[in-house]
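S.K.: have a look; sequence and predicted model below, questions after that.
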Amino acid sequence: MLWQPSLSDEYTKAPADELGARIAARRAELGNRVVILGHHYQTDEVIRHADFTGDSLKLSQLAAGKAAQAGAEAVIFCGVHFMAETADLLTPESVSVILPDMSAGCSMADMADYDDALAAWDLLHRTLAEKGWRGRIIPITYINSTAAIKAFVGSSGGIVCTSSNAAKMFAWAMAGGTRPAEPGEDIKILFLPDQHLGRNTAAAYGIEVQKGTCLYDPRRLARGEALGGLSPDRLLESKVILWAGHCSVHKLFRPEHCDQIRAADASLPASERTTILVHPECSKEVVDKSDLAGSTEFIIRTLRDAPAGSKWAVGTEVHLVSRLAREQAQRGVQVRILSDCQCLCTTMYRIDQPHLCWVLDNLAQGRVVNRVSVHTEARKWALVAIERMLALSGPVGAAAPAVKARAESATLVD
């Protein structure tokens, strides 16, 4: 976690409505000099101040275009640290990317450390070479990763993915990535840092996960377990090496939550039963029991397109689910969160009105605080990994595919 200075009572003890008015006044004063981005998981009190809302990549791409178009001097990213890094990579160097609270990190991103990735890369290759293996490992990192990990992936012939395009990036890697696979060449994927998105994507690709995937855990390696808890034979057999990382929010959804929904609806006609819709950061066991699984944008679009009278249980962050539930109730669509537990992104929650007001006040006085800037050495290769992805992806705002389509069709939405 990065250090964040404490705020004065002027911010921490001010009433919410007063802070809201001060933020609005500063926005008006700064005009086109600043663009405010709000991630979908933000609270309503923060999201209302955003010029644009979306997922991390969409917002970063919008920031790059809108900042240049408006001649903005600063982008305030109401999200978490890796998102601000991505925005810094994609915006002009003249634009300052600001994170209102530097302690707003991402536990998943923190689970993949650059030094650990380098050590794993060497160890995996050395172990496979000892087994007489002939092939290549192509790394894929979820965009929910640090710029340093993106740089590692970019310099190692790999690519970035999002939950929307993971299937496409997976297929690219399996075909050989930057150069076509040669006859007899074994291609393996190292998927960082979210094991669940990696496992779900591998399953959708057609890999039998029990035999075709394995889990590498750098923490087990640090405890003295050889090969991060793997055996050399299991590594050799696997097509996908999953990094032992996860989202602390989505891991709270459990298969039994799906079972409870099914049991409660058992006596209802099929047309009146609840559809379970989850994010692919959930475990495979949850995704397997769901009706639909897809990215945040897919979840939003699916609910907005849902027929009146339909019922939905959604497995993703609670602030987004609550916002969608209020929105869709106006047209008779019932939306609830899959689990009754508080499935909120606690680090995202660190971004609040006091911190947003503080950074705006400083900007108005000519001071840039909490600037997020990616190191020059990391910037080059992190951009390479992102640009490889963008070359294969559709334009920003394009429809997001589902990792898992409706159970009755059992096909990928592309």
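M.R.: It's in. Numbers count the residues shown, from 1 in each chain.
S.K.: number of nearby residues for residue 94?
M.R.: Number of residues near residue 94 (other C-beta atoms under 10 Å) recorded here: 10. Placement of C-beta: from N, CA and C, glycine included.
S.K.: now do the contacts for it.
M.R.: Contacts for residue 94 (C-beta atoms under 8 Å, 6 or more residues apart in numbering) come out as residue 73.
S.K.: and it, how far from residue 352?
M.R.: For residue 94, the distance to residue 352 equals 28 Å [C-beta to C-beta, to the nearest Å].
S.K.: and what of residue 139?
M.R.: 35 Å.
S.K.: please apply the same query to residue 223.
M.R.: The gap separating residue 223 from residue 352 is 37 Å, by C-beta to C-beta.
S.K.: looking at the two, which is more packed in?
M.R.: residue 352 (22 against 10).
S.K.: name the nearest residue to that one, sequence neighbours excluded.
M.R.: Of all residues not flanking residue 352 in the chain, residue 46 sits nearest, at 6.5 Å (C-beta to C-beta, 6 or more residues apart in numbering).
S.K.: quickly list what the residue nearest to residue 371 when sequence neighbours are not counted is bridged to.
M.R.: Distance criterion C-beta to C-beta, 6+ apart; nearest residue to residue 371, sequence neighbours excluded, is residue 96 at 5.0 Å. Counting by DSSP bridges, residue 96 forms beta bridges with residue 74.
S.K.: shouldn't residue 96 be in contact with residue 367?
M.R.: No. Assessed by C-beta atoms under 8 Å, residue 96 is found out of contact with residue 367, at 10.5 Å.
S.K.: please say which of the two ends up with more neighbours.
M.R.: residue 96 (21 against 9).
S.K.: return the residues in contact with the more buried one.
M.R.: Residue 96 neighbours (C-beta under 8 Å, 6+ apart): 73-75, 368, 371.
S.K.: next, report how far stretch 47-60 is displaced from the centre of its chain.
M.R.: 14 Å (C-alpha atoms, centre = their mean, to the nearest Å).
S.K.: kindly report the same for stretch 314-331.
M.R.: Centre-to-centre, stretch 314-331 and its host chain are 19 Å apart (C-alpha atoms, centre = their mean).
S.K.: contacts for that stretch, please.
M.R.: So stretch 314-331 is contacted by 40-44, 47, 249-250, 253, 257, 276-279, 282, 286, 290, 296, 299-300, 303-304, 306, 308, 334-339, 342-345, 348 (C-beta under 8 Å, 6+ apart).
S.K.: what's the mean pLDDT across it?
M.R.: Stretch 314-331 carries an average pLDDT of 95.
S.K.: pull out the CA atoms of it and give them to me as CSV.
M.R.: Coordinates of each C-alpha in stretch 314-331 appear next as CSV, following Å, rounded to 0.1, in the frame of the first residue of the first chain:
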residue,chain,number,x,y,z
VAL,A,314,-25.8,-10.9,-9.7
GLY,A,315,-22.3,-12.0,-8.4
THR,A,316,-20.2,-8.8,-8.5
GLU,A,317,-19.4,-5.8,-6.4
VAL,A,318,-22.2,-4.6,-4.2
HIS,A,319,-22.2,-0.8,-5.1
LEU,A,320,-22.6,-1.7,-8.8
VAL,A,321,-25.4,-4.2,-8.1
SER,A,322,-27.2,-1.8,-5.8
ARG,A,323,-27.1,0.9,-8.5
LEU,A,324,-28.3,-1.5,-11.1
ALA,A,325,-31.1,-2.7,-8.9
ARG,A,326,-32.4,0.8,-8.4
GLU,A,327,-32.1,1.6,-12.0
GLN,A,328,-33.9,-1.6,-13.3
ALA,A,329,-36.6,-1.5,-10.6
GLN,A,330,-38.1,1.5,-12.5
ARG,A,331,-39.0,-0.9,-15.4
